[in-house]
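Enquirer: Provided below are the primary sequence and the corresponding predicted coordinates.
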Amino acid sequence: MKPIDVDKFKKKAVYLRRRWLSAISNLPWTEWFDKLNETDYLSNFMSWFNKKKMENEQDFNNEEIIEGEAEENTVNDKRRFNEAGERTNVEPKGEKTVSPEVIKLQNELKDERIRRESAEAKLVGVQEKFDEVKAQMERETQEMRGRLMKTLEERAKQGQFNFLTTLLPVLDNLNLAIAASEQDSSFEHLLSGVKGTARSFEQALMSVGVEAIQSTGAKFDPELHEAVDMVAVEPENDDQVTAEYARGYKFGDKLLRPAKVQVGKAMAQSVGE
């Protein structure tokens with residue numbers, strides 16, 4: 001329902017009142033007075049008319065005073081009017097009274113907003129700290145990986161250096177055998193020099209962890225031995241290595257190469273025997 005404009009209503013009322021007074025003043029009173037002069041009602045009517053005129057002027061002055069006061073108090077007047085022109089005590093929506101429950105909820109919402117903003121700020125700080133620690137750990141890991149690779153390379157080079165150092169005596173013995181054979185070309189001296197060179201070479205291999213596989217007289221093991229041929233043997237020597245053609249070697253738990261061997265096989269006896 002649309003409220004009534006009080007100022008407009010009052011101005012319209014004053015305007016209508018003035019029009020009514022103007023209409024009354026423009027009536028043909030002279031003709032009426034001439035007609036009423038012959039009667040006794042003229043004096044009574046004039047008294048009544050003057051009285052009403054004075055009352056109307058007094059009301060008009062009072063309305064102007066009230067209108068001025070209404071214009072001064074319009075800004076502070078919070079009341080409204082309905083369609084019938086009656087005042088209502090409904091306050092504007094912007095200045096509606098808030099209940100204590102609503103105030104409590106608003107305060108709780110404000111506190112919750114403050115806590116959320118504080119938590120978000122802490123989360124941002126934690127994320128920045130996490131990124132910083134992560135970057136630092138990545139740098140340290142990269143540096144550690146580089147140091148480890150460098151250490152492994154140094155160890156590998158040191159192992160190669162040590163192995164080459166152990167091979168130098170083998171070369172020395174081989175050179176001595178060659179020099180001795182040049183001075184004394186007998187077969188015994190040459191054989192002795194070659195055997196010494198072979199022993200020194202095996203010692204060099206053993207110094208770096210190489211182990212020779214025992215073959216002759218051992219039980220045939222397909223994981224360590226490679227059967228080159230077979231020979232007939234007694235039943236008690238069945239599946240036994242009888243000869244070694246090439247020695248096998250292991251490096252720790254790994255097989256460098258299997259030994260090439262001859263395996264004995266017991267032959268079935270004839271029926272007549």
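Expert: Alright, I've got the coordinates.
Enquirer: For the rest of this, base every contact and every neighbour count on C-alpha atoms.
Expert: Will do.
Enquirer: quick one, strands of the stretch 151-273 of the chain?
Expert: Secondary structure of the stretch 151-273 of the chain (DSSP state E, counting those that start in this stretch): strands located at 210-212, 225-233, 241-246, 249-251, 254-257, 259-266.
Enquirer: CA-only coordinates of the fifth one, as PDB, when you get a sec.
Expert: Provided in PDB are the C-alpha atoms of strand 254-257 (Å, rounded to 0.1, in the frame of the first residue of the first chain):
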ATOM      1  CA  LYS A 254      78.900 -63.900  -9.100                       C
ATOM      2  CA  LEU A 255      80.200 -66.300 -11.600                       C
ATOM      3  CA  LEU A 256      82.800 -64.800 -14.000                       C
ATOM      4  CA  ARG A 257      83.000 -67.900 -16.100                       C
END
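Enquirer: follow-up on the earlier one: any idea which of the strands of the stretch 151-273 of the chain is most buried?
Expert: Among the strands of the stretch 151-273 of the chain, ranked by average contacts under mean count of other CA atoms under 10 Å, first place goes to strand 259-266 (a mean of 22).
Enquirer: Paired strands for it, with orientation please.
Expert: Applying DSSP bridges, strand 259-266 is found paired with strand 225-233 (parallel), strand 241-246 (antiparallel).
Enquirer: Could you give the average pLDDT over the first one?
Expert: When pLDDT is averaged over strand 225-233, the result is 91.
Enquirer: and if you look at stretch 22-32?
Expert: Rounded mean pLDDT across stretch 22-32 is 65.
Enquirer: Tell me which of the strands paired with strand 259-266 lies nearest to R155.
Expert: strand 241-246 (32.0 Å; CA to CA).
Enquirer: So which helix or strand of this structure has the lowest pLDDT on average?
Expert: Every helix and strand in the chain was compared by mean pLDDT, DSSP states H and E; the lowest is strand 80-81, with a mean of 52.
Enquirer: where along the stretch 151-273 of the chain do the helices fall?
Expert: In the stretch 151-273 of the chain, the helices defined using DSSP state H, counting those that start in this stretch lie at 187-207.
Enquirer: how about low-confidence regions in it?
Expert: Counting by pLDDT under 70, the stretch 151-273 of the chain shows low-confidence ranges at 268-273.
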